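Asks: mind looking at a prediction? Sequence and model below.
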Amino acid sequence: MPFGLGFGELVLIFGVLLLLFGAKRLPELAGGMGKGIRDFKRALNGMDEQSIQANAQQNYLQQAPAAPAQMPAAAAPAQPAPAQSETTPA
């Protein structure tokens, strides 16, 4: 048995946990503990969500080389016309 515990000790521990937390809460606690362990292992390997996304983006950019973007002449913004000031003769 794990950690040198016998069957009777494991049943007793599970029974105490069931009394303390209830039947609905135990699966939530186990799921949270599993997620924590999984995140801990990823952190030990240096693989967090940001590094996974950065690696994916870097791989994508290496696969598709970017072509220089050129703006067509027709789509270029027009220069504004100089403002004419209205002067009244004196």
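Replies: Great, that's in hand.

Asks: okay, now the unreliable bits of this structure?
Replies: Counting by pLDDT under 70, the ranges of the chain that qualify are 1-2, 47-49, 64-90.

Asks: show me where it has helices.
Replies: Secondary structure of the chain (DSSP state H): helices located at 7-21, 25-45, 49-63.

Asks: mind putting these into a markdown table with mean neighbour count?
Replies: For glycine as for every other residue, the C-beta is placed from the backbone atoms N, C-alpha and C. Below are the helices of the chain laid out as a markdown table (neighbours: other CB atoms under 10 Å):
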| stretch | mean neighbour count |
| --- | --- |
| helix 7-21 | 11 |
| helix 25-45 | 10 |
| helix 49-63 | 10 |
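
Asks: got a list of what Met33 touches?
Replies: By CB atoms under 8 Å, 6 or more residues apart in numbering, no residues touch Met33.

Asks: tell me how far it lies from Leu44.
Replies: 17 Å (CB to CB, to the nearest Å).

Asks: now Gln50
Replies: Taking CB to CB, one finds Gln50 at 16 Å from Leu44.

Asks: likewise for Leu5?
Replies: Applying CB to CB to Leu5 and Leu44 gives a distance of 27 Å.

Asks: ok, Ile52 next?
Replies: 15 Å.

Asks: help me confirm that Leu18 comes into contact with Pro27.
Replies: No. Applying CB atoms under 8 Å as the test, Leu18 and Pro27 come out as separate, 11.6 Å apart.

Asks: let's see stretch 23-32 as CSV, backbone CA atoms only.
Replies: What follows is stretch 23-32 as a C-alpha-only set of coordinates in CSV (Å, rounded to 0.1, in the frame of the first residue of the first chain):
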residue,chain,number,x,y,z
ALA,A,23,-19.8,13.9,-0.7
LYS,A,24,-20.3,16.9,-3.0
ARG,A,25,-17.1,18.7,-2.0
LEU,A,26,-14.6,15.8,-2.3
PRO,A,27,-14.5,15.6,-6.1
GLU,A,28,-14.0,19.4,-6.3
LEU,A,29,-11.1,19.1,-3.9
ALA,A,30,-9.5,16.2,-5.8
GLY,A,31,-9.9,18.0,-9.1
GLY,A,32,-8.3,21.2,-7.7
